[in-house]
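Colleague: predicted model and sequence follow; I will ask about them next.
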Amino acid sequence: MRTAHSAHPTHSARSAPSAQPSQLTLTGVTRRYDDRVVLDRVSFAVRPGEKVGVVGDNGSGKSTLLKVIAGRERPDHGEVTVVAPGGVGYLPQTLDLPPSATVRDAVDLALADIRELESRMRRAEAELTEESLEAYGELVARFEARGGYRADARVDIALHGLGLPGLDRERTLGTLSGGERSRLALAATLASAPELLLLDEPTNDLDDQAVAWLEQYLRAHRGTVIVITHDRVFLERITPTILEVDSGAVTRHGDGYDGYLAAKAADRRRRLREYEEWRSELARNRRLAESAVARLEAIPRKLPLAVFAAGPFRARGRGHGAMSRIRNAKERVERLTDAPVAPPPDPLRFTARVVSGHTGEVVSGRAGASAGPRAELVDVRVGDRLRLPYLRIGAGERLLVTGPNGAGKTTLIRVLAGELRPDTGSARVSGTVGCLRQEESAWGAGLTVLQAFAAGRPGAAGEHAGALLSLGLFRPADLRLRIGELSYGQRRRIELARLVSEPVDLLLLDEPTNHLSPALVEELEQALAGYAGALVVVTHDRRMRSRFTGSRLELRDGRRAVSSSPQEIVATSAPLPAFIAASSSASVSTRTTVSTGPNGSARNSGEDGGGARIVVGAR
């Protein structure tokens, strides 16, 4: 298959296409919606067999880029050329079929190219003549090259690998959950065995076992893969090339995910260096201007009567020179002031109020020397969603809550946040609680980003602009955007910004990495590593779980299950960052107190020290 979609090609390019043969080439591609430019003169090329990860902030244009490549949307300007004789498989985030459609309909939609070849082949068989024999042979060859005879068997294999074995082909899509529909669409797309695979967030709704199967499949896939994903472990294992979509531009990074992170770190250092140079140059020219003014003021304003003497001439010369230096310095100051260099945003930082156990006063320093627990749950029951005999979270405690969907993790977070009263039992929480929820806050669609950030805080909204911009989560122009114009990820950034800008004693995070770019998730992890208060995290993010330091609680059907060690969650060859210590391998068990010391080692609950303590189980 060779396709090209273009609209008024331009000659402007952000990067030169590869000199090697290309399977996919974008040249000067621009795509806009109304007045908003999503892709701006994008140019890049992808070689046959290359595996490419696409990253960027939610709403940056990643899905639009994939739709343009797949031919689902046409560019407003530029040209897209795809050379894929073996077909193109495209997986959108949502399955575009009504609830009344069947599983078979979804499979046939993904296998449309193969089904069309089969239909043409059957018609040719029915009308076979000596003259049409050659054309029929070509159809058979193409059908066999696409693996047409085993396409349905591949669907069954993929469904089994993705956790949907034996799915009835006549079952309607309306009877499937959202996650089941996503896995069905992924299985059918993979089964089409295309030469070019375009996948939009394929790891969403997959458990660890299904993701491992998908990774194994894609490593063995001989064709080209372009995949949008927030899964950092997936990027590290599968995609040696990273395309970052940001502000309409697409930047190519080599050396895989590690190379992408290294490039981001280098860019931050460059921005900081340019800012320091600008600030230094501005200060130098201001000093020059002030010095010249001082010298000018030291020159006598009235010359002696003997105006033709040497002294007066020298004085007048010094005056003219000083005025020239003042003028030049002021011009340079004006140019520098008119073109300021912005510093890189401050790193995210969660702050906690650490309370002394002896005086009750707020002090600075490491958490742990604190009066009483931050939260204590006794015989808590919430319908059939959560049953916990006992849970105690001390000051400075770090707890990771894991379990399958529907296990009761979000219910536990809501109980700790005071948003949900248990049917039986007691829940006591002390101090200030900050919570990042999975569901969105009910912001009015007409509010601006700045107004939402400042909601409930003293002073006018404009007074909080500097604090919000310093976090680097939004650009100055974004502050005027309305909530109704934002993507889900952008709205989630407002919640994150509110959370990091206020000190809290107990921090509750429910799937904090959802809809955030990998670079921002890395920064979020660093912020959590430096947080001194009590922390409870619910996450499916494999990298975050593998790096987590502290105790772990696994829930199944609303009850405590046997906890897993960090190594059982994800095996990764990548070394952990220096800012994160090795995770404790101690398990939380019934009637057992686990105390993690400063180095993450397990202690007996009777030992003294500032370690965090958890008790989970029957009292």
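Modeller: Happy to help now that I have it.
Colleague: distance of the residue nearest the centre of the chain from Ile242?
Modeller: Per Cα atoms, centre = their mean, the C-alpha nearest to the average position across the chain is that of Ser517, at 1.9 Å. Separation of Ser517 from Ile242 (Cβ to Cβ, to the nearest Å): 11 Å. Every residue, glycine included, has its C-beta placed from N, CA and C.
Colleague: what do those two both touch?
Modeller: Val55 (Cβ atoms under 8 Å, 6 or more residues apart in numbering).
Colleague: please name the bridge partners of Val245.
Modeller: Applying DSSP bridges to Val245 yields these beta-bridge partners: Val250.
Colleague: for the longest helix seen in the chain, give the mean pLDDT please.
Modeller: Criterion DSSP state H: the longest helix present in the chain is helix 256-298. What helix 256-298 shows for mean pLDDT is 87.
Colleague: so which elements touch it?
Modeller: Counting contacts by 3 or more Cβ pairs under 8 Å, 6 or more residues apart in numbering; DSSP states H and E, helix 256-298 packs against helix 232-238, strand 241-246, strand 249-253, helix 310-338, helix 518-529.
Colleague: mind jotting down where the helices sit in the stretch 51-200 of the chain?
Modeller: 62-70, 103-110, 112-126, 133-145, 151-161, 178-191 (DSSP state H, counting those that start in this stretch).
Colleague: can you lay out those helices as TSV showing mean neighbour count and mean pLDDT?
Modeller: Putting the helices of the stretch 51-200 of the chain into TSV (neighbours: other Cβ atoms under 10 Å; pLDDT from 0 to 100) gives the following:
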stretch	mean neighbour count	mean pLDDT
helix 62-70	22	96
helix 103-110	20	94
helix 112-126	14	89
helix 133-145	14	88
helix 151-161	18	95
helix 178-191	22	94
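Colleague: quick one: closest of those helices to Glu79.
Modeller: helix 62-70 (10.7 Å; Cβ to Cβ).
Colleague: what does the closest one contact?
Modeller: Outside helix 62-70, the residues touching it (Cβ under 8 Å, 6+ apart) are 5, 24, 26, 29, 31, 38-39, 42, 54-56, 73-75, 80, 82, 88, 90, 92-93, 198, 200, 226, 228, 243, 245, 250.
Colleague: of those, buried ones?
Modeller: 5, 24, 26, 29, 31, 38-39, 42, 54-56, 73, 75, 80, 82, 88, 90, 92, 198, 200, 226, 228, 243, 245, 250 (16 or more other Cβ atoms under 10 Å).
Colleague: of these, which belong to strands?
Modeller: 5, 24, 26, 29, 31, 38-39, 42, 54-55, 80, 82, 88, 90, 198, 200, 226, 228, 243, 245, 250 (DSSP state E).
Colleague: how about the residue nearest to the centre of the chain, phi and psi?
Modeller: Dihedral pair for Ser517: phi -70, psi 150, per degrees, to the nearest 10.
Colleague: for the residue nearest to Thr241 when sequence neighbours are not counted, grab the count of nearby residues.
Modeller: Nearest residue to Thr241, sequence neighbours excluded (Cβ to Cβ, 6 or more residues apart in numbering): Val52, at 4.6 Å. If you count neighbours by other Cβ atoms under 10 Å, Val52 ends up with 21.
Colleague: correct me if wrong: Val52 contacts Val225.
Modeller: Yes: if you go by Cβ atoms under 8 Å, Val52 and Val225 touch, sitting 6.8 Å apart.
Colleague: hey, what's in contact with both of these two?
Modeller: With Cβ under 8 Å, 6+ apart as the test, Val52 and Val225 both reach Thr239.
Colleague: list the contacts of Tyr275.
Modeller: Contacts of Tyr275 by Cβ under 8 Å, 6+ apart are Val341, Ala342, Pro343, Pro344.
Colleague: give the buried subset of these as a PyMOL selection command.
Modeller: Remark: buried members of the contacts of Tyr275, expressed as a PyMOL selection using 16+ other Cβ under 10 Å:
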select buried, resi 341+343
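Colleague: show me the contacts for Ser132.
Modeller: Neighbours of Ser132 in contact, by Cβ under 8 Å, 6+ apart: Ala124.
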